[in-house]
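Engineer: Model the following, please.
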Amino acid sequence: MNDNKNNVPQDRIQALLDRQDILDCVTRYCRAVDRFDREMLRSVYHEDAIDDHGSFCGGRDDFVEWALGYHNEYQLSHHHMIFNHSVELDGDQAHAETYWLFFGENRSKPDSLAVGRYIDRFEKRAGRWAIAERVCVTESVNEITPTDLPDVFRKVQMGNAHSSRDRQDVSYQRPLRARRP
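Structural biologist: Have a look, this model is predicted:
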């Protein structure tokens, strides 16, 4: 018997909540890596998680140090973006596939543009969804040449907010305060 006002089965509502929690976790991963936020990055994994990123395979804390160290050494800036996302729920376990795009403004040119997929096994422990195992599948890595922009464009279009690879980034500002005209 349904006991909610809209006649939506509770298991359907729980499935939607679980899917959203899993997507939020994948999104948080991208933000954490791009902002060098160690604690946030640790939060997307269970303590005993394994991440197989190709050139790295190991546990959560070692992965965090490897990933942030890699991006610090090789990129001036970098962006992880996610797209298609599918989840198969099975109780307190879920399997997800998420397509990703990576842009790296490399210290040594040219810059990088790569695509692939995160294949994740999530587990819900103590009410919290997090990655238990991840395989990062890289399907293509490409070189791109930066555009030579006029200085005036960089100052006007790209100088309106503080972009930083740490908690000084404008995305952490609470409450957000835009420039005043």
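Engineer: From now on I want contacts and neighbour counts done on CA atoms only, so please keep to that.
Structural biologist: Will do.
Engineer: Assign the spatially most central residue of the chain to helix, strand or coil.
Structural biologist: For the chain, the residue nearest the mean C-alpha position is Cys30 (1.6 Å; CA atoms, centre = their mean). For Cys30, the assignment made with DSSP: H, G, I helix; E, B strand; the rest coil gives helix.
Engineer: what do you get for Asn142?
Structural biologist: Applying three-state DSSP: Asn142 is strand.
Engineer: show me where the chain has helices.
Structural biologist: For the chain, applying DSSP state H gives helices covering 10-34, 38-43, 60-74, 151-157.
Engineer: what angle sits between the first one and helix 60-74?
Structural biologist: Which is helix 10-34. 40 degrees (axes from the mean of the first three to the mean of the last three CA atoms, to 10 degrees).
Engineer: Adding distance to Ser86 and mean pLDDT, write the helices of the chain out as CSV.
Structural biologist: Listed next are the helices of the chain as CSV, based on distance: least, CA to CA, whole Å; pLDDT from 0 to 100:
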stretch, distance to Ser86, mean pLDDT
helix 10-34, 9, 97
helix 38-43, 21, 98
helix 60-74, 23, 98
helix 151-157, 35, 61
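Engineer: Provide a list of residue ranges in this protein with pLDDT below threshold.
Structural biologist: Applying pLDDT under 70 to the chain flags the ranges 1-5, 152-160.
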